[in-house]
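Participant: what follows is a predicted protein model with its sequence.
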Amino acid sequence: MNLGYLLDVAKEWFLSLGKEYGVNPIVFGSIYLGAIPFFTLSVAWLIRNLRRRQSPVLPALCALFCFVSAYLYLLIGGKNVPAWVYFIVAGMVGFGIYTTIRKVKAGIKQGGRT
C-alpha cells in the first residue's frame with residue numbers, strides 16, 4: 001500500500017470527525033498540543049510547592065485543567081458525542097491523575113527534578 005494514500009485516508013477520517021461531532025479538529029489538536037507545556041510547568045510548580053510545604057491546590061487545579069482542556073472543548077462544544085466518548089474521557093482523566101500523582105511523588109523523592 002502507498003504511504004501517501006494511507007496518510008490521505010487518515011487525514012480525511014480525522015477531519016470528518018469534526019463535522020460529525022461539531023468541533024474543529026484543528027482547534028482540538030491545537031488545544032491538546034498547546035496545553036502540554038503548561039501541564040508540565042504546572043506539575044513542576046506542584047512538586048515545588050509540595051517540597052516547600054506550600055499549598056498544592058492551585059498548581060494541581062492548573063495541571064488538571066491543562067490535562068482536560070481539549071476534552072472540555074469536545075464535551076462542551078461538541079454535538080452528538082456518543083456516551084462511550086464520555087467514558088473514554090473519564091478513563092483518560094483518571095489515568096492522567098494517577099500518572100501525575102506518581103510523577104509528583106517521584107519528583108519529590110528526586111529533589112524536585114522531573
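Facilitator: It's in.
Participant: alpha carbons only for contacts and neighbour counts from here, please
Facilitator: Fine.
Participant: list the contacts of the spatially most central residue of the chain.
Facilitator: With distances taken as Cα atoms, centre = their mean, Phe67 lies nearest the centre of the chain, 3.3 Å away. Applying Cα atoms under 8 Å, 6 or more residues apart in numbering to Phe67 gives the contacts 35-36, 39, 93, 96.
Participant: again with Trp45
Facilitator: Listed by Cα under 8 Å, 6+ apart, the contact set of Trp45 reads Pro59.
Participant: if we use 10 Å, what do you get?
Facilitator: 39, 51, 56, 58-60, 62-63, 104, 112 (Cα atoms under 10 Å, 6 or more residues apart in numbering).
Participant: helix/strand/coil for it?
Facilitator: Assigned by DSSP: H, G, I helix; E, B strand; the rest coil, the conformation of Trp45 is helix.
Participant: could you dump the contacts of Trp45 into TSV and include distance to Glu12?
Facilitator: Putting the contacts of Trp45 into TSV (distance: Cα to Cα, whole Å) gives the following:
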residue	distance to Glu12
Phe39	30
Arg51	47
Pro56	43
Leu58	40
Pro59	38
Ala60	37
Cys62	34
Ala63	32
Val104	39
Gly112	43
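Participant: counting neighbours, which of the contacts of Phe67 comes out on top?
Facilitator: Phe39 (21 neighbours; other Cα atoms under 10 Å).
Participant: retrieve the pLDDT associated with it.
Facilitator: What the model reports for Phe39 is a pLDDT of 95.
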